[in-house]
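> Mind looking at a prediction? Sequence and model below.
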Amino acid sequence: LNQAPERALGVLPEMRRWLGSSGPDATTYSTLVLGLARQNMGREATEVAMEALSSCNSSQRGSHNNNHRQQQQQHQQYALLSEEALAQLARVMQKQGLLQKELGIRLQSRLEAVGLALPKTGYVKRQQY
């Protein structure tokens, strides 16, 4: 982010419009969430995380007929945020009191949809399938 978080946020819409690109990838989302969280921009980091998880959910549609192992692999493949980014996000959200507010509740719901949890401690725990 190089101390320019607003500029980094402005790149996301551009990336979605690039021809031949499917948009931001896991590294992009994780880097942005991690950087925003480190800049104490909890709301912005949470919004980016939810966007990543939304793209994760839309990529998984149609997988209902797969067996259990394939579903588990898909959940891991499409979890578009690194554990480090989620841990830093949890810390800044807890620090800013966002975990129990609507934004935090929505994030936790989206995380659960892809088999992740965001505990108050800041550590990420993968749910068992």
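Great, that's in hand. In this text, all values refer to a predicted model and were calculated from it rather than measured experimentally. Numbers count the residues shown, from 1 in each chain.
> Sort out which residues of stretch 81-99 are buried, please.
81-82, 85-94, 96, 98-99 (16 or more other CB atoms under 10 Å). (Each C-beta comes from the backbone N, C-alpha and C, glycine too.)
> so how far is that stretch from its chain's centroid?
How far stretch 81-99 lies from its chain's middle: 10 Å, per CA atoms, centre = their mean, to the nearest Å.
> on that earlier part again, among the buried residues of stretch 81-99, which lie within helices?
Using DSSP state H to define helices, the subset of the buried residues of stretch 81-99 located there is 85-94.
> pLDDT below threshold where in this structure?
Counting by pLDDT under 70, the ranges of the chain that qualify are 1-2, 56-79, 119-129.
> Other residues contacting the top helix by length along it?
In the chain, taking DSSP H as the definition, the longest helix is helix 42-60. Helix 42-60 is contacted from outside by 5, 9, 12, 23-24, 26, 29-30, 32-33, 36-37, 74-75, 78-81, 85-86, 89, 92-93, 95-96, 98, 103-104, 106-107, 110-111, 113-114, using CB atoms under 8 Å, 6 or more residues apart in numbering.
> Mind checking which of those residues are buried?
Burial by neighbour count, 16+ other CB under 10 Å: within the contacts of helix 42-60 this picks out 5, 9, 24, 26, 29-30, 32-33, 36-37, 74-75, 78-81, 85-86, 89, 92-93, 96, 98, 103-104, 107, 110-111, 114.
> What is the burial count for residue 8?
Look at residue 8: counted by other CB atoms under 10 Å, it has 19 neighbours.
> do you know how far residue 41 is from residue 87?
16 Å (CB to CB, to the nearest Å).
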